[in-house]
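K.L.:
Starting from these lines, generate the structure:
(one chain, ligands or ions: 2)
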Amino acid sequence: MRRFLPITLAILLALLIVALPAGRWFLWRWELNPVLRGRQLAESYGCVSCHVPYRGVEIPNPGSRWGSVPRFQSGNFMMYGEARQDIEEFIRFGAPRAWLDDPAVVERLRNQSVRMPAFDDVLSDSEISDLVAYASAMEGVDLVGGDAVAAGRNLARQQGCLSCHGVEGSGGLPNPGSLGGFIPGFVGVNFADMVLDEAEFREWVFDGTSSRLAKNPVVRHFWQRQAMSMPSYRDTLDERQVAEIWNWIQALRQSTSDAG
Ligand code: HEC
Ligand code: HEC
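P.N.:
Residues are numbered from 1 along each chain as shown. Ligands and ions are numbered 1, 2, ... in the order given. Model (predicted):
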């Protein structure tokens, strides 16, 4: 038996080495949603080079209608279109159909320095649909829940929740040393495990922790190692504001579960 011990140990070690990254990959998959997938695609297809420019400085675009390449989240989308459909047409054809049907606009596009590329032949329908979800979330177009939950969404933006938890709570931003290696969002399966009800949500926001999860030694282990922790907003937000953020998150979760 003893002869097999080193082999067994070697096999166990090999399994462990394979299992750790696989575990992370699994957790990451777990968090996926259209907006987060769209963000990852936008990074790999170079959309962010033009639309999320370094230090927010828009790329000059002489000859174009507004003189620069639009920066996502600048609040100026209405200068380019109105609805999700326009966003999809920008991604597929490089401009909305209405622009491409107008010879004067086609002439302008031909002469401007930077053109929005057409991705229709390059990307699959599901990739385009994820990119539309991401770009719409970034541009604030057709957002879930409308005015009824706008107060909660605005608070989450103003308080910086979304800088850590992702645009529209899509999650997946890096958090080295944490269990999954990323900050969970508000829409995925991780949220359902970490926040059972509104009372637990209030505890997270007011105290930056969960007394239920704190009892778990594995969770505590990662909490001690992770680079970022959830801040406490006890002195910043009141009960009503936290309830508003909760209502917005409920609307988000409802729509992502409807979407499958
Ligand atoms: C080479 C730079 C460049 C790249 C790369 C690029 N775009 Fe654009 N995009 C533009 C320009 C320029 C416009 C504005 C239209 C114009 O002036 O012709 C635009 C417009 C848009 C708009 C509508 C305007 C707005 O404010 O939202 C969306 C949405 C968009 N792009 C999404 C994407 C996505 C998604 C990708 C990646 C798949 C992408 N773009 C890649 C240059 C780029
Ligand atoms: C500095 C980054 C940061 C900011 C800002 C931040 N959080 Fe967090 N939040 C975290 C981290 C890190 C965790 C813990 C994740 C863990 O333990 O794995 C967390 C956990 C949570 C959780 C439970 C886990 C989950 O799935 O979301 C909720 C709910 C939450 N935060 C809500 C908020 C709200 C609401 C705000 C704004 C008022 C906010 N957070 C601001 C980093 C942040």
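K.L.:
Residues contacting stretch 39-57, please?
P.N.:
59, 69-72, 114, 116, 119, 122-123, 127, 130-131, 134-135, 138, 166-167, 170, 172 (C-beta atoms under 8 Å, 6 or more residues apart in numbering). C-beta coordinates here come from the backbone N, C-alpha and C atoms, glycine included.
K.L.:
try stretch 196-204
P.N.:
194-195, 209-212, 230, 239, 242-243, 246, 249.
K.L.:
could you dump these to a markdown table with secondary structure?
P.N.:
Putting those into a markdown table (DSSP: H, G, I helix; E, B strand; the rest coil) gives the following:
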| residue | secondary structure |
| --- | --- |
| 194 | helix |
| 195 | coil |
| 209 | coil |
| 210 | coil |
| 211 | coil |
| 212 | coil |
| 230 | coil |
| 239 | helix |
| 242 | helix |
| 243 | helix |
| 246 | helix |
| 249 | helix |
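K.L.:
Which of the residues you listed ranks first by neighbour count?
P.N.:
When neighbours are taken as other C-beta atoms under 10 Å, the top entry among the contacts of stretch 196-204 is residue 249 (25 neighbours).
K.L.:
and the contacts of stretch 39-57, which of them are in strands?
P.N.:
Counting by DSSP state E, no part of these is found in strands.
K.L.:
From those residues, list just the buried residues.
P.N.:
In the contacts of stretch 39-57, burial by neighbour count holds for 69-72, 116, 119, 123, 127, 130-131, 134-135, 138, 166-167, 170, 172, counting by 16 or more other C-beta atoms under 10 Å.
K.L.:
on that earlier part again, nearest to residue 143 among the contacts of stretch 196-204?
P.N.:
residue 249 (13.1 Å; C-beta to C-beta).
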